[in-house]
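Novice: mind looking at a prediction? Sequence and model below.
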Amino acid sequence: MSIIDIILVAIGLSMDAFAVSITNGLCCQHLRRSQMLSVAVCFGGFQALMPTIGYFLGKAFKSYISALDHYIALILLGYIGGKMIFDALTGSAEEHSYALTAKLLLMQGVATSIDALAVGVSFATLPDVQIVPAVLLIGGITFLLSLTGVLIGKKTGQKLGSRAQIVGGLILIGIGIKIFVEHMFFSA
């Protein structure tokens with residue numbers, strides 16, 4: 001995977017956190033700067049941690065799945081992206097209308113990063129993914145987008161959550177298709 005692919009995956013994975021951050025900004029209008037930073041650090045941290053865990057789980061089973069790597073990437077990224085789009089279109093995304101507590105923030109961090117665990121497994125099946133730069137990019141981009149999302153929600157009051165999830169889902173599906181096509185038709 002190229003650096004551009006990793007950045008696109010990071011943006012795609014960040015869309016759930018971005019959408020929840022907007023909702024946090026909308027519903028918790030009196031957030032302090034420290035709370036806004038806590039949202040961004042929590043979401044960025046979980047988005048970096050989960051693919052790392054998935055990567056090492058995937059590496060442990062690499063000999064069993066290396067022949068199917070491009071299928072696995074397509075299925076995982078397609079499923080994750082499709083689920084994001086489905087949730088956005090059916091209104092399954094949660095609305096958060098209560099105070100932003102540490103417990104709520106941790107639950108949101110885990111919930112928005114579960115998909116990143118599966119992406120980490122798919123990274124383990126690809127020969128050219130360097131996990132440290134990949135997870136740093138994923139965590140950093142999620143941090144920035146989450147902070148931006150809280151500010152958007154707080155300052156403008158617009159509800160962009162479902163559209164952000166649709167874009168994120170389309171990006172993940174596109175990356176899955178790209179990996180599949182490259183492995184099926186352009187690998188040596």
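Specialist: That came in fine, so what should we check first? Numbering: from 1, shown residues only.
Novice: and residue 42, how many neighbours?
Specialist: The number of residues packed near residue 42 is 23, by other Cβ atoms under 10 Å. Where you see a C-beta, it was placed from the backbone N, CA and C, and this is true even at glycine.
Novice: now it: how far from residue 19?
Specialist: 15 Å (Cβ to Cβ, to the nearest Å).
Novice: number of residues surrounding residue 139?
Specialist: By other Cβ under 10 Å, neighbour count at residue 139 equals 26.
Novice: and if you look at residue 9?
Specialist: By other Cβ under 10 Å, 28 other residues sit near residue 9.
Novice: find the residue closest to it in space, skipping its chain neighbours.
Specialist: residue 175 (5.5 Å; Cβ to Cβ, 6 or more residues apart in numbering).
Novice: ok, the residue lying closest to residue 70 once chain neighbours are set aside to residue 74 distance?
Specialist: Among residues not flanking residue 70 along the chain, residue 183 sits closest, at 3.3 Å (Cβ to Cβ, 6+ apart). Residue 183 is 9 Å from residue 74, where distance means Cβ to Cβ.
Novice: tell me which of these two has more neighbours.
Specialist: residue 74 (22 against 16).
Novice: so where does the more buried one fall, helix or strand?
Specialist: helix 69-90 (DSSP states H and E).
Novice: any idea which helix or strand in this structure has the lowest mean pLDDT?
Specialist: Between all helices and strands in the chain, the lowest mean by mean pLDDT, DSSP states H and E belongs to helix 62-65, at a mean of 63.
Novice: that older thread, which strands and helices sit next to the helix holding residue 74?
Specialist: Counting contacts by 3 or more Cβ pairs under 8 Å, 6 or more residues apart in numbering; DSSP states H and E, helix 69-90 packs against helix 3-27, helix 102-125, helix 161-185.
Novice: out of those helices, which comes closest to residue 47?
Specialist: Closest approach to residue 47 among the helices and strands packed on helix 69-90 (Cβ to Cβ): helix 102-125, 5.0 Å.
Novice: that closest one: which residues count as buried?
Specialist: Buried residues in helix 102-125, defined by neighbour count with 16 or more other Cβ atoms under 10 Å: 105, 108-109, 112-113, 115-125.
Novice: avg pLDDT for that helix?
Specialist: Averaged over helix 102-125, pLDDT sits at 86.
Novice: I'm done for today, thanks for sticking with me.
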